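K.L.:
3D, please:
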Amino acid sequence: MGELFAIIGFALGIILSQKIGVSYSKFIQVEEAAVRIYGSLSSLKLIMDKVRPGLGKEAIKNWVKVFLELLEDSKAQNYRLISANKELYDAVSELEQMPGEMATMYTNICQDADLCLSKKVRLTPKAYDTLLQQATILYLLLTAMFIPGFTGLISVLVASYILYGMYHLTEDIDSILGGDYNLVQIDISELKYLAKN
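P.N.:
Coordinates of the predicted model:
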């Protein structure tokens, strides 16, 4: 019977580790993109304000506000970013008649923003999550039924803590902005600073 639990536990570990790997990779991609957006926006703001004082600050602030609203709202319509992108491009094109340095920065900002918003809505497939959750529950029930006494109780408690803890942690990482349990979130403090200042 011990071999059966070992095989099931190993299979659960593989399924869970795959989800952790994919979710964490997505989480890191979004954090890196947010930092690139901040860096590009800060640079673009300085360049624009050098050419026409105040234009960069206002254009960047408006764009960041829309982007943060979309990023933080899981039910937001991401198409609203198109109009914010157009407004930012209009401000850039006032200063740069032919595409150049600012247009390149604008393009990078739009690409990274689209990456962040697309990762926000692309969660782990429901079938994978359902299989993982059902397999975890089944494993815990079998452990409770077939490992008797105090050892069985400790096994169920430890397995429950580890498996369900990791399951809920991956749910939050997958959502990139805290999920149901608000355990893990990407750091967008720099972008919030740009939106305020």
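K.L.:
C-alpha from now on. contacts and neighbour counts both.
P.N.:
OK.
K.L.:
pLDDT wise, what is the residue nearest to residue 20 when sequence neighbours are not counted at?
P.N.:
Counting by C-alpha to C-alpha, 6 or more residues apart in numbering, residue 170 is the residue found nearest to residue 20 once chain neighbours are left out, at 5.8 Å. We have a pLDDT of 79 for residue 170.
K.L.:
how many neighbours does residue 6 have?
P.N.:
By the other C-alpha atoms under 10 Å criterion, the neighbourhood of residue 6 contains 11 residues.
K.L.:
quick one: which helix or strand includes it?
P.N.:
Assessed by DSSP states H and E, residue 6 sits inside helix 2-51.
K.L.:
next one: that helix to chain centre, how far?
P.N.:
In terms of C-alpha atoms, centre = their mean, to the nearest Å, the centre of helix 2-51 is found 7 Å from the chain centre.
K.L.:
Skip ahead from that helix and say which helix or strand is next.
P.N.:
Counting by DSSP H and E, the element after helix 2-51 in chain order, helix or strand, is helix 55-72.
K.L.:
Run the angle between the lowest-mean-pLDDT helix or strand in the chain and helix 2-51 for me.
P.N.:
Within the chain, no helix or strand scores below helix 149-175, which has a mean of 80 by mean pLDDT, DSSP states H and E. Relative orientation of helix 149-175 versus helix 2-51 (axes from the mean of the first three to the mean of the last three C-alpha atoms, to 10 degrees): 30 degrees.
K.L.:
buried set for helix 149-175?
P.N.:
Of all the residues in helix 149-175, those buried under the rule 16 or more other C-alpha atoms under 10 Å are 155-156, 159-160, 163, 166-175.
K.L.:
Output the contacting helices and strands for the helix holding residue 6.
P.N.:
Under the contact definition 3 or more C-alpha pairs under 8 Å, 6 or more residues apart in numbering; DSSP states H and E, helix 2-51 sits against helix 55-72, helix 80-95, helix 101-121, helix 126-146, helix 149-175, helix 189-196.
K.L.:
Apply 6 Å and report the result again.
P.N.:
In terms of contact count using 3 or more C-alpha pairs under 6 Å, 6 or more residues apart in numbering; DSSP states H and E, helix 2-51 is assigned the packing partners helix 55-72, helix 101-121, helix 149-175.
K.L.:
Low-confidence stretches in the protein?
P.N.:
1-2, 178-183 (pLDDT under 70).
K.L.:
centroid residue for it?
P.N.:
Centroid check for the chain by C-alpha atoms, centre = their mean gives residue 176 as the closest residue, at 2.6 Å.
K.L.:
could you list every residue that touches it?
P.N.:
Applying C-alpha atoms under 6 Å, 6 or more residues apart in numbering, we find residue 176 in contact with 27, 185, 186.
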